[in-house]
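Provided below are the primary sequence and the corresponding predicted coordinates.
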Amino acid sequence: MRKNMKMADLVGTDYRLLTVIYRLGMKLGFGEKTVEETCRESGVNCDTFLLVANVYATDGYVPSVEMMTAASAIDLVRYLHASHSYYLEHEFKDIDGLFKELLAPCPPMQREVIMHFFDGYREEVENHFAYEENTVFPYVRSVAEGRKVDGYSIGTFEENHNSIDEKLNDLRNIVMKYLPPVCDTVLAIRALSRLCALEADLEKHTLIENSILIPMVNRMEEKCQ
C-alpha cells in the first residue's frame, strides 16, 4: 500500500477497508484522489490510515518502527473509539435482531439459553470498551500531548488486556450444534455469517491495540520521562 495509490483502487482490493474509512470519518466518492489526498481532505494522518489498512489487508502484519513513529496515536485512538461505537450501535444491534427473528419459532427455554449467552457476551464487551474509553484512551491522549500522568502506564493496560472475540466462537458452536430444525436455515446462515465477520473484525481490533497502540505509547512514555 502506498500513499500515491488511488483510494478507490485500494479500497476495491479489500471490502473490509470500507469500515476502516467509515470509522476514520472518510466519505465515499473518492473520484481519482490518491490515498494521501483523501486523508488530507478528511483530516486524517495518512500513515495512521495505512497502518490500520495494512492490519486488515495483511495477516500477521507487523509495522516498522518508522511507520509507527510517523503515525498519530490520537488518530489511532479516534479510530478505536469509532470502532467501539460501530460494534455496539450497529453490529450488536443487527445481530440481536437476527437472532430474535431466527429463534422466534424455538421453545422458550432454548431461545432464552442462546439469547442469555449473547446478552452476557455483549455486556462483557461493553464493560471492556468502557474501561478503554474511560481510562486507556484519555491516558494515551495525555501522553501524546506530552503530559506525564502519574499512577498509570500503558503496561497496566497490556497486562490486563484480553481478547474479546473468543466467546463468539462458543456462540457459533451453540447455534450450529443445537439450533432446532424448526428454525429457518437461511436466517441461521445470515446470523452465523455476521458472527464470523464480527469475530474477524474484533481480532483485528485487538491486534491494533496490542501490536500498534501499546508499542507506540511505550515509546512516547519513554520520551515523557
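In hand now; what should we look at?

Name the residues of stretch 88-104 that are buried.
Residues of stretch 88-104 classed as buried: 91, 92, 95, 98, 99, 102, 103 (neighbour count, 16 or more other CB atoms under 10 Å). From N, CA and C alone the C-beta is placed, and that goes for glycine too.

ok, so of those, who is nearest residue 191?
Nearest to residue 191 out of those is residue 98 (CB to CB; 4.4 Å).

Run through the residues that contact the closest one.
Counting by CB atoms under 8 Å, 6 or more residues apart in numbering, residue 98 touches 187, 190, 191, 194.

got it, and residue 5?
Contact analysis of residue 5 by CB under 8 Å, 6+ apart lists 34, 35.

Where do the domain boundaries of this structure fall?
Domain assignment for the chain by automatic domain parsing gives 7-67, 72-224.

how about the helices in this structure?
7-12, 17-23, 35-42, 46-57, 65-70, 73-86, 92-103, 108-131, 137-144, 154-160, 166-178, 185-208, 214-224 (DSSP state H).

shaky segments in the protein?
Flagging of the chain using pLDDT under 70 yields the residue ranges 224-225.

one more time with 50
In the prediction, the chain carries no residues with pLDDT under 50.

How about the contacts made by the closest residue to residue 18 other than its chain neighbours?
Nearest-residue entry for residue 18: residue 11, 6.3 Å, with adjacent residues in sequence omitted and distances by CB to CB, 6 or more residues apart in numbering. With contacts defined as CB under 8 Å, 6+ apart, residue 11 is in contact with 17, 18, 21, 30.

Got a PyMOL select line for the buried ones in the residues you listed?
Entered in PyMOL, the line below selects the buried ones among the contacts of residue 11, by 16+ other CB under 10 Å:
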select buried, resi 17+21+30
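
Arrange the contacts of residue 11 in JSON lines, one row each, with distance to residue 176 as further columns.
Shown next, in JSON lines, are those (distance: CB to CB, whole Å):
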{"residue": "17", "distance to residue 176": "29"}
{"residue": "18", "distance to residue 176": "28"}
{"residue": "21", "distance to residue 176": "33"}
{"residue": "30", "distance to residue 176": "39"}
